[in-house]
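S.K.: Structure for this input, please:
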Amino acid sequence: MQKKRVVITGMGTVSPVGTGCEKFWKNLLEGRSGIRAVSHFDASAFDSRVNGDVIDYDALAHFNTKDARNLSRFIQFAVVAANEAVAQSKLDIKTMDPSRVGVVVGSGIGSIESAEEEYEKLLAKGPGRISPFFITRMIINEAAGQVSINHGAMGPCFAIATACATANNCIGEAMRMIQHGEVDVMIAGGTESATSKLGLGGFCALKALSKQYNNEPARASRPFDLNRDGFVMGEGAGVVILESLEFAKARGAKILAELAGYGRTADAYHITAPHSEGLGAIKAMEFALKDAGMKPTDIQYINAHGTSTKLNDQIETLAIKKVFGDHAKKVPVSSTKSMTGHLLGAAGGVELIACIMSIRDNMVHPTINYETPDPDCDLDYVPNKARKVNVDVALSNSLGFGGHNATLVVKRFKE
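M.R.: Predicted coordinates:
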């Protein structure tokens, strides 16, 4: 059976640099940082006191009072991003077979904040005071479930949790279901809101977060720069609408791009560190290129995982050089996380949207805070200023704790 072509017809985002895709993209091109001092709780005792929180978001602008209270923040973000994507795609599921429309939206952590809040109630007032909405606010699958409920999508509905690779895995597996004819449309992506006391404290304990720029938050996320000292936690969501080409054309949808390739692997190496030779990342990129029927020289832009940690940036650079050979030094590579921070399970979703925008506008956003070159990171990271680049094909990497690697290839749509 010949695989169906898969196209993207809608996208939506909530991010530290803006809610809504156009605002998000404008601020990326301008090199605006969304990293700021933690302000939603007292972080004075924490090693890292910066984060990428979403500040232009009002729950009551999107939900009634009851839902704003009972749906946790990561679920709300998924719904808001999905609503934007569905609206852009002009999907009307009521006129379709709803069992042919599915949802796969994941999260790396779910609502750790809800766990904190209810545990404090348990200790202070006993089990009788735990909210009946605690479990539904916390568990990862409820984001996908709520999106399904809101839009009447009755096809496959599930969540993937592969840490920082979550959104790419969700989008890639949704692509597979369309390719094989199981569904016509998928709402896919990732969502996260884990910048709570326990979330921040946990990553501080891992020694994974930046701490030397607490007094200069906008400089804290600095992928590939010699003076990087860890990533910055962020929150948000990125969701896209995927359709089979024939279904999109039949309903007259505007096609934004074509999702052409997907590769996923495991490092089988370490709970947090990437494979020392980048083997998993190498294979994920190679599989994605093979799936897309492309050569390394076909790629005109790479959206790197680019976390701003010493090991990730070094190993990802090594992996790109192994896969792309001489072309590695010619292709622009930039990190969205330099401005958004690390959105964990949502990262791949917002970064795929950045790739689609690059294809639309033939512009590549910068890696900000790139000041001092690292000899181990010697590619073209588009330092500090957006660049006009002809982008017909882009590749996006997501590499997660636990050794999860997921790569997507997206290209300009042509008949």
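
S.K.: Thr13 versus the residue positioned nearest the centre of the chain, what's the distance?
M.R.: Geometric centre of the chain, nearest residue: Ala347, 2.1 Å, by Cα atoms, centre = their mean. Going from Ala347 to Thr13 by Cβ to Cβ, to the nearest Å gives 11 Å. Yep, even glycine has a C-beta here, placed from its N, CA and C like the rest.

S.K.: List the residues that contact the residue nearest to the centre of the chain.
M.R.: Listed by Cβ atoms under 8 Å, 6 or more residues apart in numbering, the contact set of Ala347 reads 164, 167, 190, 192, 238, 305, 336-337, 340, 398.

S.K.: Next step: these restricted to strands.
M.R.: Among the contacts of Ala347, the ones falling in strands (DSSP state E) are 190, 192, 238, 398.

S.K.: Most neighbours of all the residues you listed, which one?
M.R.: Most neighbours among the ones in strands among the contacts of Ala347, by other Cβ atoms under 10 Å: Gly190, with 40 neighbours.

S.K.: quick one: that one from Asp56, how far?
M.R.: From Gly190 to Asp56 the distance is 20 Å (Cβ to Cβ).

S.K.: Who are the contact partners of Phe41?
M.R.: Taking Cβ under 8 Å, 6+ apart, one finds 196-197 in contact with Phe41.

S.K.: Let's have the contacts of Ala347 in CSV, adding distance to Ala406.
M.R.: Listed next are those as CSV, based on distance: Cβ to Cβ, whole Å:
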residue, distance to Ala406
Cys164, 9
Ala167, 8
Gly190, 11
Glu192, 15
Gly238, 14
His305, 10
Thr336, 15
Lys337, 16
Thr340, 18
Ser398, 5
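
S.K.: Which of those sits closest to Ile149?
M.R.: Minimum distance to Ile149 across these is 18.5 Å, recorded for Gly190 (Cβ to Cβ).

S.K.: wait, isn't Leu200 in contact with Val38?
M.R.: Yes. Between Leu200 and Val38 there is a contact under Cβ atoms under 8 Å: 7.0 Å.

S.K.: Mutual contacts of these two, please.
M.R.: In contact with both Leu200 and Val38: 46, 51, using Cβ under 8 Å, 6+ apart.

S.K.: Looking at those two, which one has more neighbours?
M.R.: The residue with more neighbours, out of Leu200 and Val38 and counting by other Cβ under 10 Å, is Leu200; that gives 23 against 20.

S.K.: So which other helices or strands are in contact with whichever strand or helix holds that one?
M.R.: Using DSSP states H and E, Leu200 falls within helix 197-205. On a contact count with 3 or more Cβ pairs under 8 Å, 6 or more residues apart in numbering; DSSP states H and E, helix 197-205 meets helix 112-125.

S.K.: Check which element follows the helix it packs on along the chain.
M.R.: For helix 112-125, the following helix or strand on the C-terminal side (DSSP H and E) is helix 134-138.

S.K.: How about residues contacting the helix or strand following that next one?
M.R.: Using DSSP H and E, the next helix or strand after helix 134-138 towards the C-terminus is helix 141-151. Helix 141-151 is contacted from outside by 71-72, 74-75, 78-79, 82-83, 86, 91, 93, 101, 103-107, 110, 136, 153-154, 157-159, 187, 191, 239, using Cβ under 8 Å, 6+ apart.

S.K.: Just the buried positions in helix 141-151, please.
M.R.: Residues of helix 141-151 classed as buried: 141-148, 151 (neighbour count, 16 or more other Cβ atoms under 10 Å).

S.K.: need the contact list for Cys157.
M.R.: Applying Cβ under 8 Å, 6+ apart, we find Cys157 in contact with 102-104, 144-145, 148.

S.K.: Then Met339?
M.R.: Counted by Cβ under 8 Å, 6+ apart, Met339 has contacts 16-17, 27-28, 31-35, 221, 365, 368.
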